[in-house]
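> Sequence below, structure please.
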Amino acid sequence: MKRNLLISPGLYVGFIAAALGQAGPAPFAATTNSGQGQPVSYASVTQLNGLLSQLDATSKNTQADLVKLRIEKWKTDGSYKRQALGNVDSIQRNLQGALPEIIGQLRNAPEDLPTTFKLYRNLDALYDVLGGVVEGAGAFGSKDDLQALSNDLNAFEGSRRQLAERIENLASSKQAEITRLSSALKTAQAAAEAAPPKKVVVDDTEPPKKPAKKKTTKKPATDANKPPAGSTTQSAPAQAPPSNPQ
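Alright, predicted model coming up:
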């Protein structure tokens, strides 16, 4: 018996969608991975490395300038000094712990948007707290402290601005990729729906069984000169030879 199986176009669309989900942008000069298995352009990695190197240098300079800061000599009340010391301690802990950790994560996944935005938020918080310390140095500290910390603050602001532009570019690129994949999926779906379903013939008819051959036994050959079994033969009496005449 033969059965006809109809393969629905929806199955083809499902396979195409899965393939599109695995597909990425056309490969270009890749130097590393984005953390999601997709190649990253050389220009993108170069831009990020420059930004992170600048950020590393700013972090080291800021830590050194904060160590030189003599908040205890500021001409203000004790509560303000304690608040300023707490802010400095918070900045130092961030520059020595949280910031290097995020930078390391971003080096491993240069175009990962959540990690990139995480770094931006961290810089935003650093800028706000450091800005308060700079204001205190300008009001109660020395001019040298104010100048050094102001340079650090401006450097952080430059990194933050570059990072914001990078986030915008990455978001636009990801959106364009999503649009491209969505369009390709719709085209594939329309083509699959327009095509007639393929017919697959499955022949599950069992072939007729051949009759088994009967075994035949051969009769043993008999000797024509040999009398049949059970029969008796009488031999003719032997004749005496003739006698010679006298």
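
> Could you pull up the mean pLDDT of the longest helix seen in the chain?
Across the chain, the longest stretch assigned as helix under DSSP state H is helix 143-194. Mean pLDDT, helix 143-194: 89.

> try stretch 77-90
Stretch 77-90 comes out at a mean pLDDT of 95.

> From the rest of the structure, what touches that stretch?
Residues outside stretch 77-90 that contact it (Cβ atoms under 8 Å, 6 or more residues apart in numbering) are 66, 69, 71-72, 74, 129, 132-133, 136, 140. In this view, the C-beta of every residue, glycine as well, is placed from N, C-alpha and C.

> So how do I select the buried members of those residues in PyMOL?
Buried residues among the contacts of stretch 77-90 (16 or more other Cβ atoms under 10 Å), as a PyMOL selection:
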select buried, resi 66+69+71+74+133+136+140
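
> what's the neighbour count on residue 54?
Residue 54: 15 surrounding residues under other Cβ atoms under 10 Å.

> where do the strands sit along the protein?
With DSSP state E as the criterion, the chain has strands at 2-7, 30-33, 39-41, 198-203.

> on that earlier part again, format the contacts of stretch 77-90 as CSV; extra columns: distance to residue 52 and pLDDT.
Converted to CSV, those look like this (distance: Cβ to Cβ, whole Å; pLDDT from 0 to 100):
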residue, distance to residue 52, pLDDT
66, 21, 97
69, 26, 94
71, 30, 94
72, 35, 92
74, 34, 93
129, 21, 97
132, 25, 96
133, 24, 97
136, 29, 95
140, 34, 95
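
> re earlier: packing partners for the longest helix of the chain?
helix 9-22, helix 42-68, helix 113-140 (3 or more Cβ pairs under 8 Å, 6 or more residues apart in numbering; DSSP states H and E).

> Of the ones you listed, give the one that comes closest to residue 210.
With Cβ to Cβ, the closest approach to residue 210 among the helices and strands packed on helix 143-194 belongs to helix 9-22: 40.3 Å.

> From residue 164, how far off is residue 148?
Separation of residue 148 from residue 164 (Cβ to Cβ, to the nearest Å) stands at 25 Å.

> quick one on the thing from earlier: of all the helices and strands packed on helix 143-194, which one comes closest to residue 199?
The closest of the helices and strands packed on helix 143-194 to residue 199 is helix 9-22. By Cβ to Cβ, the value is 12.9 Å.

> So what's the model's average confidence on the closest one?
Mean predicted confidence for helix 9-22 is 37.

> Now compare the contacts of stretch 77-90 and name the two farthest from each other.
72 and 129 (19.2 Å).
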